[in-house]
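**Q** Fold the following and give me the result.
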Amino acid sequence: MATQRIDILLAEDNEDDVVMIKRALEPEQNVPIRHVVWNGEKLLAYLQGLEPTKDASKSNLILLVDINMPKKDGLTAIQEIKRDPKFNHFPIVILTTS
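**A** Below you'll find the model as predicted:
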């Protein structure tokens, strides 16, 4: 049985946390971080920019979202994602250092 590829979209405003998460996931677990965005606004913009030809609804994209980010916080961004039928199927993992 072939394993499906998983990609991660990381929304995190702290560079040190980004480095730590990449070190934990990429080399050992072979889980690539597809893209890093620095706030909730950028997260939503990234999702809106997904190529429709790639059929984002069948993508193996997991969202890792920090709760405390500038401009638009993670909780607000998650609420908007969950209301949008194009994106509400993506699994979301919430991160926080609070």
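**Q** On the pLDDT front, check Leu25 for me.
**A** Leu25 is assigned 83 on the pLDDT scale.
**Q** isn't it right next to Val18, touching?
**A** No. Counting by C-beta atoms under 8 Å, Leu25 does not reach Val18; the two are 10.9 Å apart. Heads up, the C-betas are built off the backbone N, CA and C, glycines and all.
**Q** Give me the buried positions along the helix or strand of the chain with the lowest mean pLDDT.
**A** Every helix and strand in the chain was compared by mean pLDDT, DSSP states H and E; the lowest is helix 15-29, with a mean of 84. Neighbour counts over helix 15-29 (16 or more other C-beta atoms under 10 Å) mark 18, 21-22, 25 as buried.
**Q** I'd like to know which of those residues is nearest to Lys42.
**A** If you rank the buried residues of helix 15-29 by distance to Lys42 using C-beta to C-beta, Val18 comes first, at 13.1 Å.
**Q** Provide a list of residues in contact with that closest one.
**A** Residues near Val18 by C-beta atoms under 8 Å, 6 or more residues apart in numbering: 10, 12, 36.
**Q** For the chain, which segments count as helices?
**A** 15-29, 40-48, 74-83 (DSSP state H).
**Q** any chance of the ones you listed in a markdown table, plus distance to Pro91?
**A** Shown next, in a markdown table, are those (distance: least, C-beta to C-beta, whole Å):
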| stretch | distance to Pro91 |
| --- | --- |
| helix 15-29 | 14 |
| helix 40-48 | 13 |
| helix 74-83 | 11 |
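**Q** wait, which of those helices is closest to Ile62?
**A** Closest among the helices of the chain, using C-beta to C-beta: helix 15-29, at 10.1 Å.
**Q** For the closest one, output the C-alpha coordinates as CSV.
**A** C-alpha atoms of helix 15-29 as CSV (Å, rounded to 0.1, in the frame of the first residue of the first chain):
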residue,chain,number,x,y,z
GLU,A,15,10.8,32.5,13.4
ASP,A,16,12.3,30.4,16.1
ASP,A,17,9.1,28.3,16.3
VAL,A,18,9.1,27.9,12.5
VAL,A,19,12.6,26.5,12.7
MET,A,20,11.7,24.2,15.6
ILE,A,21,8.6,22.9,13.8
LYS,A,22,10.6,22.3,10.5
ARG,A,23,13.3,20.4,12.4
ALA,A,24,10.7,18.2,14.0
LEU,A,25,8.7,17.4,11.0
GLU,A,26,10.7,17.5,7.8
PRO,A,27,13.8,15.4,8.2
GLU,A,28,12.6,12.8,10.7
GLN,A,29,9.0,12.4,9.6
